[in-house]
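> Got a sequence here, can you model it:
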Amino acid sequence: MSALPQSRTAPRAASTSGRPHLRLVGAPRHTRLFTVCIAIVLAVGVFGIVSLNALAAEQAFEARTLETRVAQLSTRYDELTARVAHLESPARLRRVAMVELGMVAAEEQSYLTLRRPDGSIATRPVADPVKQAFSLRR
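Have a look, this model is predicted:
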């Protein structure tokens, strides 16, 4: 008995050329399937990346358009704010009141009292409205 394991198969007959008999063995079937699956995953991945890139380019174009519109509207807002400030200026209001509406400047301040018992409207000159507002009536 030897320490080497014994082979349980029958010994092959030696070939006539002295070389062992070799045959071509194809790739296992599961390797081809794995290769096909990897190719499909890569194709889907490339398609996804290209789609996301196109979507990002479209969104960037839309963002650029919106930024341009915001700049235009901001300029228009500034113009309108300046126009309102001009229209509300006291000098302009005085000029319009005097020239276009025919108003005249009052010589003294007075208030209209609209609710009299007899229904008439009367004016009452006021010397100092602050002093009169805080004076105590007796």
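> Only C-alpha atoms from now on, for both contacts and neighbour counts.
OK.
> Local confidence estimate at Thr75?
Reported pLDDT at Thr75 in the predicted model: 97.
> Kindly report the same for the one 5 residues further on.
The confidence metric pLDDT takes the value 97 at Leu80.
> From His86, how far off is it?
Going from Leu80 to His86 by CA to CA, to the nearest Å gives 10 Å.
> Can you get me a residue count around Ala43?
Residues within reach of Ala43, counting by other CA atoms under 10 Å, total 12.
> which SS class is it?
Counting by DSSP: H, G, I helix; E, B strand; the rest coil, the backbone at Ala43 sits in helix.
> repeat for the one 4 residues further on
Following three-state DSSP, the label given to Phe47 is helix.
> Enumerate every residue touching it.
By CA atoms under 8 Å, 6 or more residues apart in numbering, no residues touch Phe47.
> Following element in sequence after the helix or strand hosting Ala63, please.
Counting by DSSP states H and E, the element that carries Ala63 is helix 29-87. Proceeding N to C from helix 29-87, the next assigned helix or strand is helix 90-99, under DSSP H and E.
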